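> Fold the following for me, if possible:
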Amino acid sequence: LKKSLMSNIYESAEATLGFISSPCLTKVELRVACRGISDRDALSKPDPCVVLKMQSHGQWFEVDRTEVIRSSSSPVFSKIFLVDYYFEEVQRLRFELHDISSGNNGLRDADFLGAMECTLGQIVSQRKLTKALLKQGNTAGKSSITVTAEELSGNDDYVELSFSARKLDDKDFFSKSDPFLEIFRINDDGTESLVHRTETVMNNLSPVWKSFKVSLNTLCSGDHDRELKVAIDFTASNGDPRNSCSLHYIHPYQPNEYLKALVAVGEICQDYDSDKMFPAFGFGALIPPDFKVSHDFAVNFDEDNPECAGIQGVVEAYQNCLPKIQLYGPTNIAPIIQKVASSASEEMHTKEAMEYFILLILTDGVITDMADTREAIVHASHLPMSVIIVGVGNADFTDMQILDGDDGILRSPKGEPVLRDIVQFVPFKDFKHASPAALAKSVLAEVPNQVVDYYNAKGIKPKCMSDYESTRTFSP
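Prediction:
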């Protein structure tokens with residue numbers, strides 16, 4: 001029952017995330033392939049087509065569909081889906097596979113072969129996502145679908161290509177060829193990646209295929225892992241968790257403000273963490289066994305392994321932690337910034353330095369170690385990390401606005417300026433009457449630029465496609 005209540009609270013917070021309008025950050029090209037499609041009958045193979053749908057306000061809407069490939073159980077579609085990609089939103093996609101018989105472009109229930117649902121963030125973060133096709137909740141035989149994502153830069157250039165052929169050989173005396181053309185990119189490691197597959201021109205020995213555009217930026221794409229670390233304020237100013245007026249009050253079915261903020265931001269960030277394990281820390285509480293105050297303890301009380309499985313794991317660790325600690329004080333956040341900065345410093349000195357850390361701090365009050373915090377942020381501005389502070393409750397957050405640095409350059413007590421702006425502060429009260437997705441949008445909108453600014457300053461280039469392991473090539 002306890003685990004069920006935790007799940008209900010998590011799902012209640014998760015369900016409030018919806019679509020909102022925001023500036024387009026980038027565009028993504030999606031390529032689709034399928035494998036192991038079951039034949040509908042023994043006499044012929046299916047004529048597959050994939051329909052891409054996107055969810056908005058709980059409803060699925062068709063975005064686009066691929067061409068139909070005749071008589072194929074493992075099709076690689078030439079159609080490229082170009083979709084707007086919003087880093088700070090949860091964009092839910094559905095790929096439906098249909099068998100389109102000759103002369104019929106309609107979608108009938110009898111022709112439905114299976115579907116796969118995921119988020120756009122999952123595809124972009126993994127670059128290549130392969131999942132089983134499901135039909136009526138069960139796996140559709142051994143059939144699977146593979147979607148490969150390529151993130152385009154804002155100043156992408158394109159070239160338009162046209163191809164034709166003449167005097168192709170007949171397949172036999174009775175019929176002409178049904179030609180199509182496949183264009184591959186040769187990677188540095190010698191492997192091949194499909195760039196485009198033309199339509200099939202039926203019964204033709206001198207085909208002229210439709211022209212198509214190819215991005216000149218398809219050779220490289222960024223692949224910086226973003227690791228989310230969470231820090232939660234357990235100071236006494238939040239109120240007794242047993243009292244319904246407390247900001248930490250655990251309602252049986254409704255998430256409190258800490259949980260709403262955690263889920264809104266975490267649901268986005270978890271798509272970009274390769275192992276979906278999130279270290280969660282607390283500060284400002286007396287903790288067992290000796291009940292001394294700590295400002296950087298593991299919420300799961302395992303100091304050697306503070307990671308939680310997914311955002312739901314963080315929620316459960318948070319709820320399990322509350323009855324075991326005593327809320328205390330003061331509100332010191334410099335120790336947790338320094339802890340994450342230590343991990344970021346180690347990453348910076350690795351050969352590839354491809355991991356970027358995001359520290360999410362949820363707090364209810366005015367910090368009491370302002371000087372140390374300013375010093376810690378100035379130091380962290382040289383490292384691959386960003387700090388997101390969400391102010392919970394109605395306290396005076398003037399100090400947080402200073403740390404944000406939007407109104408001026410933040411300096412350490414010694415006068416040293418930050419190398420770059422890495423702090424974003426948002427008061428949760430400004431979003432009480434808005435979708436929690438609006439909170440995620442506000443706090444995460446600056447993160448992509450902060451990541452790019454860091455790696456540009458260090459002269460670290462994104463990984464090329466050829467740097468990925470062979471499992472990330474397009475072939476399913």
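> Tell me how many other residues surround the nearest residue to residue 395 once chain neighbours are set aside.
If the residues on either side of it in the chain are set aside, residue 395 comes closest to residue 365, at 4.6 Å by C-beta to C-beta, 6 or more residues apart in numbering. Bear in mind the C-beta positions are built from the backbone N, C-alpha and C, glycine included. Here the number of neighbours of residue 365 (other C-beta atoms under 10 Å) works out to 23.
> which residues touch residue 365?
Residue 365 sits next to 233, 235, 237, 331, 393, 395 when contact means C-beta atoms under 8 Å, 6 or more residues apart in numbering.
> ok so the last one is a strand residue?
No - according to DSSP: H, G, I helix; E, B strand; the rest coil, the state of residue 395 is coil, so it is not within a strand.
> wait, what's in contact with it?
When contacts are counted by C-beta under 8 Å, 6+ apart, residue 395 touches 237, 364, 365, 366.
> Ranking by neighbours, what's the top pick from those residues?
Taking other C-beta under 10 Å to define a neighbour, the member of the contacts of residue 395 with the most is residue 364, carrying 25 neighbours.
> Just give the number of residues close to the residue nearest to that residue when sequence neighbours are not counted.
Distances taken as C-beta to C-beta, 6+ apart place residue 393 nearest to residue 364, at 4.2 Å, with adjacent residues excluded. Counted by other C-beta under 10 Å, the residues lying close to residue 393 total 18.
> If I follow the layout properly, residue 393 ends up in contact with residue 238?
Yes - with contacts counted by C-beta atoms under 8 Å, residue 393 reaches residue 238, the gap being 7.4 Å.
> overlap in contacts of these two?
Joint contacts of residue 393 and residue 238 (C-beta under 8 Å, 6+ apart) are 247, 364.
> didn't residue 344 look like it was pressed against residue 379?
No - between residue 344 and residue 379 there is no contact under C-beta under 8 Å: 9.9 Å.
> Compare the two (neighbour count), which wins?
Taking other C-beta under 10 Å, residue 344 and residue 379 do not tie; residue 344 has more neighbours (23 against 18).
> among the contacts of residue 395, which are in helices?
With helices taken from DSSP state H, there is no overlap with the contacts of residue 395.
> can you confirm residue 77 is in a strand?
Yes - according to three-state DSSP, residue 77 belongs to a strand.
> Spit out the contact partners of it.
Neighbouring residues of residue 77 by C-beta under 8 Å, 6+ apart: 31, 32, 33, 50, 66, 67, 69, 197.
> rerun at 6 Å
Remark: with contacts taken as C-beta atoms under 6 Å, 6 or more residues apart in numbering, residue 77 is in contact with 32, 66.
> now swap in residue 384 and tell me
Residues in contact with residue 384, defined by C-beta under 6 Å, 6+ apart, are 344, 347, 348, 356, 454.
> tell me the pLDDT at the nearest residue to it once chain neighbours are set aside?
Leaving aside its chain neighbours, residue 384 sits nearest to residue 356 (4.6 Å; criterion: C-beta to C-beta, 6+ apart). Model confidence at residue 356, given as pLDDT, is 88.
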